[in-house]
Every structure is written in structure tokens, then in C-alpha cells.
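Novice: Predicted model, plus sequence, below.
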Amino acid sequence: QVQLVESGGGLVQAGGSLRLSCAASGLTFSSYAMGWFRQAPGKEREFVAGISRSGSSTTIANSVKGRFTISRDNAKNTVFLQMNSLKPEDTAVYFCAVSRYSGSNRVSVYDYNYWGQGTQVNVSS
């Protein structure tokens, strides 16, 4: 079955950086667009970034544009989220997900059908 395992979360000071990884198995990874979402306590899960099957197209949420980038390595079945200039409001559980569609611009949770268990990111002020 499809498995997604996120890693790389942790505690970082404001202004710092983290790189999240999501290792996928049980699917032909290069055939699927991927996305990153996050969920803060008491809030709905929100789209952060998406990437097309080949990696040639990406979509970044306005709230993190210019600070976060998404990339993938299809040879290693892994998608990454590089997070720079972190802010306390970036504190959340971060999830990777497999898109039902081919493009990078799907922003609804309902556009994704497989999810990882999440990795916690805490940004202190």
C-alpha cells in the first residue's frame, strides 16, 4: 500500500531554516504530483506547496512565498520542503500528500488521496 513518511521537523528559532523530507513507497512516484500542507492547533489544514510529476512546475502559497521551496527527487521517491526565514506563525504539523491530479496547483485537501503522518515544526520567537 502507499506509505508516506515525513521527517526533518523540529524546533528552530525565528529566522532559521529547516528542510522537510517525505519518502514515498507503494506507488510509481514519478506518476504523481505531490503537495505539502500544514495544520496549526485549532486551525484547518492548509495548502503550502505543490509540485508536478516531473518537478518542472511548482505552486507556493502566498503566506510562504519567497521563503519556502518545494522540490523532488524521483530517483529517490522523495519530495522536499525547504523552509527559510521561519516565523512563529509557521508552527504547525506539516504533511505531505499524493495528488489525484497531475498539476502542481491543487490546493484543496480533497484533491489529495494519500497522506503522511506529519512532522511537527515549532518556531520560537
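Specialist: Nice, thanks for sending it over. Numbers count the residues shown, from 1 in each chain.
Novice: quick one: contacts for the spatially closest residue to S85 that is not a sequence neighbour?
Specialist: Nearest residue to S85, sequence neighbours excluded (C-beta to C-beta, 6 or more residues apart in numbering): R67, at 4.6 Å. C-beta coordinates here come from the backbone N, C-alpha and C atoms, glycine included. Contacts for R67 (C-beta atoms under 8 Å, 6 or more residues apart in numbering) come out as M83, N84, S85, L86.
Novice: let's see 10 Å
Specialist: Contacts for R67 (C-beta atoms under 10 Å, 6 or more residues apart in numbering) come out as S17, I60, Q82, M83, N84, S85, L86, K87, D90.
Novice: next one: L81
Specialist: Per C-beta under 10 Å, 6+ apart, neighbours of L81: 6, 8, 18-22, 35-36, 38, 48-49, 51, 64, 68-71, 94, 96, 119, 121.
Novice: List the beta-bridge partners for it.
Specialist: Counting by DSSP bridges, L81 is bridged to L20, I70.
Novice: Report how many residues lie close to the residue lying closest to Q13 once chain neighbours are set aside.
Specialist: Distance criterion C-beta to C-beta, 6+ apart; nearest residue to Q13, sequence neighbours excluded, is S124 at 5.4 Å. S124 has 11 neighbours, counted by other C-beta atoms under 10 Å.
Novice: Roughly how far does S124 sit from G16?
Specialist: S124 sits 9 Å away from G16, going by C-beta to C-beta, to the nearest Å.
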